[in-house]
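>>> My questions are about this predicted structure, shown below with the sequence.
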Amino acid sequence: MSEPRGGSGSFNVYLDPAKGEWLDSYEGVPAPAAPEALPGERRLTFGWQKAVHRALHALGQLAPGLGLAVCLAVAGTLLAGWMGSAVFKMERSPVSPILLTVLLGLLIRNVAGLPAALEEGLRVCVRVILRIGVALLGLRLSLAAAGQIGLHALPLVLGCIAVGLASVLWLGKRLGLPPRLASLIAVGTGICGVSAIVATAPAIKAKDEEVSYSVTVIALFGMVAMCVYPFLAFFIFDGDPTLAGFFLGTAIHDTSQVAGAGLMYDQLYDDPQALEVATTTKLLRNLCMGVVIPLMAWLHYRDKSVRPTGTSGKLKWSQSLPFFVIAFIALVGVRTAGDSFGLKENETWKTFLDHSNQASVYCLTLAMAAVGLGASLSQMRQLGWRPLCLGFAAAVLVGGVSILLIRLLGMVVKFS
């Protein structure tokens with residue numbers, strides 16, 4: 001397959017699927033192995049010299065991508081503020097900085113291309129900084145609030161997962177797609193985006209190109225949902241942030257996209273509750289990987305004629321329970337302990353929570369800049385119409401089921 005134009009020659013998920021890992025959050029994927037000794041290290045005598053040398057080398061690799069993400073985040077924030085005051089004549093801008101940041105990233109990637117020197121820094125944005133931002137959201141919630149949200153979200157999550165898996169597998173068969181490709185798109189839509197795809201692929205022995213295709217489909221429609229669904233949620237649920245949060249958390253694919261959509265809702269309508277509900281709901285979906293992925297492997301290989309030899313179908317615990325989910329729960333516990341010890345009115349505690357909230361916003365904004373820079377339209381055009389149709393139908397079906405279930409269970413899932 002020829003390499004798409006308009007981007008770096010070294011970044012093509014079809015020729016090298018591993019290079020597409022930073023396209024999304026990959027919540028459960030282990031970090032890459034440590035590199036071999038650097039050439040410059042061999043001339044150094046002491047251990048601390050080598051450590052400093054390696055740190056400077058890492059900084060040199062990360063700085064270009066991180067710097068561009070920071071520039072886009074600042075530009076998106078300033079542009080949104082300018083549009084609010086100069087264009088719409090409003091004190092609070094009706095345009096989300098997150099949305100503008102993503103659009104600026106898309107524009108740069110698909111007009112000017114993405115040099116290879118930027119890849120490492122952008123990878124850190126969506127593999128590390130994004131996870132830090134999501135984990136810090138735990139400081140917004142107490143255990144009681146998080147448990148209440150999770151309890152009310154559970155029927156919505158299970159319903160959306162069941163419909164998403166069943167409908168996508170059925171449609172994939174009708175469209176004549178390879179069973180493994182349909183399975184990857186199904187888990188990506190129903191569970192948690194790219195991370196579920198990467199965790200499922202080894203269990204069903206998916207080919208590299210099938211992983212790449214499904215990653216691109218999920219990234220495309222998840223990004224579209226992230227940009228559109230905050231407006232749709234506000235309109236459909238009459239500005240109710242709780243119901244909007246349930247919708248965002250169940251209808252959008254990946255954790256990074258859900259966090260971005262929740263942050264957009266907060267910026268547009270000045271209501272952080274939607275972000276808190278959406279994030280907690282999404283993390284509950286993530287936990288379902290531990291059950292769904294072995295189930296998908298069993299369904300795929302119960303027909304022995306398609307099972308490769310030597311397939312174990314085993315799932316590592318780090319894939320079903322990513323560390324940043326544990327960190328989120330731990331920080332919920334920190335918030336609960338602080339409030340329980342009478343720190344609610346303590347100025348130092350309030351300042352700490354305010355700073356952590358701002359740090360979370362900054363981290364998520366940087367991650368969204370990298371997500372925008374990671375979307376190559378030329379690569380998406382190479383997929384063909386059938387995977388794109390399946391991805392579109394899956395996104396619409398899961399979104400529609402989410403709305404229907406929230407409407408049917410509105411009195412059950414609604415809480416104050």
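Structure received.

>>> just how off-centre is the biggest helix by length in the chain within its chain?
The longest helix of the chain (DSSP state H) is helix 47-82. Centre-to-centre, helix 47-82 and its host chain are 21 Å apart (C-alpha atoms, centre = their mean, to the nearest Å).

>>> Residue 281: which element?
Residue 281 is located in helix 273-287, with elements delineated by DSSP states H and E.

>>> now that helix: how far from the chain's centre is it?
Per C-alpha atoms, centre = their mean, the centroid offset for helix 273-287 relative to its chain is 12 Å.

>>> Could you list every helix and strand in contact with it?
Applying 3 or more C-beta pairs under 8 Å, 6 or more residues apart in numbering; DSSP states H and E, we find helix 273-287 packed against helix 143-174, helix 241-251, helix 255-269, helix 323-340. C-beta here means a position set from N, CA and C on the backbone, and glycine is covered the same way.

>>> Let's see that with 10 Å instead.
Packing contacts for helix 273-287, counted by 3 or more C-beta pairs under 10 Å, 6 or more residues apart in numbering; DSSP states H and E, involve helix 130-136, helix 143-174, helix 193-204, helix 208-236, helix 241-251, helix 255-269, helix 323-340, helix 347-373.

>>> Check which residues of the very next helix or strand once past the longest helix of the chain are buried.
Counting by DSSP H and E, the next helix or strand C-terminal to helix 47-82 is helix 97-111. Buried residues in helix 97-111, counting neighbours by 16 or more other C-beta atoms under 10 Å, are found at 97, 98, 99, 100, 101, 102, 104, 105, 106, 108, 109, 110.

>>> In this structure, which residue is most central in space?
residue 256 (2.6 Å; C-alpha atoms, centre = their mean).

>>> That one and residue 193 touch, don't they?
Yes: Residue 256 lies in contact with residue 193 (C-beta atoms under 10 Å); the separation is 7.9 Å.

>>> before we move on, the earlier item: let me know the next secondary structure element after the helix holding residue 281.
Helix 273-287 is succeeded, C-terminally, by helix 289-301 (DSSP H and E).

>>> name the helices or strands packed onto that following helix?
helix 143-174, helix 179-187, helix 193-204, helix 317-320.

>>> coming back round to it: average pLDDT across the helix holding residue 281?
In this model, helix 273-287 has an average pLDDT of 87.

>>> Alpha carbons of that helix, in PDB - could you do that?
Extracted in PDB, the C-alpha atoms of helix 273-287 (Å, rounded to 0.1, in the frame of the first residue of the first chain):
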ATOM      1  CA  GLN A 273     -21.000  18.300  37.000                       C
ATOM      2  CA  ALA A 274     -21.300  17.000  33.400                       C
ATOM      3  CA  LEU A 275     -17.500  16.400  33.300                       C
ATOM      4  CA  GLU A 276     -17.600  14.600  36.700                       C
ATOM      5  CA  VAL A 277     -20.500  12.400  35.700                       C
ATOM      6  CA  ALA A 278     -19.100  11.600  32.200                       C
ATOM      7  CA  THR A 279     -15.600  10.700  33.500                       C
ATOM      8  CA  THR A 280     -16.900   8.400  36.300                       C
ATOM      9  CA  THR A 281     -19.300   6.700  33.800                       C
ATOM     10  CA  LYS A 282     -16.500   6.200  31.300                       C
ATOM     11  CA  LEU A 283     -14.200   4.700  33.900                       C
ATOM     12  CA  LEU A 284     -16.900   2.300  34.800                       C
ATOM     13  CA  ARG A 285     -17.000   1.300  31.100                       C
ATOM     14  CA  ASN A 286     -13.300   0.800  31.300                       C
ATOM     15  CA  LEU A 287     -13.600  -1.700  34.100                       C
END
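
>>> about what we covered before: can you read off the pLDDT for the residue nearest to the centre of the chain?
77.

>>> now swap in residue 264 and tell me
89.

>>> returning to what we had before: nearest to residue 386, out of the helices and strands packed on helix 273-287?
Closest of the helices and strands packed on helix 273-287 to residue 386 is helix 143-174, at 8.7 Å (criterion: C-beta to C-beta).

>>> Could you dump the buried residues of helix 97-111 into JSON lines and include pLDDT and distance to residue 367?
Below are these laid out as JSON lines (pLDDT from 0 to 100; distance: C-beta to C-beta, whole Å):
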{"residue": "97", "pLDDT": "83", "distance to residue 367": "13"}
{"residue": "98", "pLDDT": "80", "distance to residue 367": "10"}
{"residue": "99", "pLDDT": "78", "distance to residue 367": "14"}
{"residue": "100", "pLDDT": "84", "distance to residue 367": "15"}
{"residue": "101", "pLDDT": "87", "distance to residue 367": "10"}
{"residue": "102", "pLDDT": "83", "distance to residue 367": "10"}
{"residue": "104", "pLDDT": "89", "distance to residue 367": "14"}
{"residue": "105", "pLDDT": "87", "distance to residue 367": "11"}
{"residue": "106", "pLDDT": "84", "distance to residue 367": "15"}
{"residue": "108", "pLDDT": "91", "distance to residue 367": "16"}
{"residue": "109", "pLDDT": "87", "distance to residue 367": "15"}
{"residue": "110", "pLDDT": "85", "distance to residue 367": "19"}
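
>>> Good, wrapping up.
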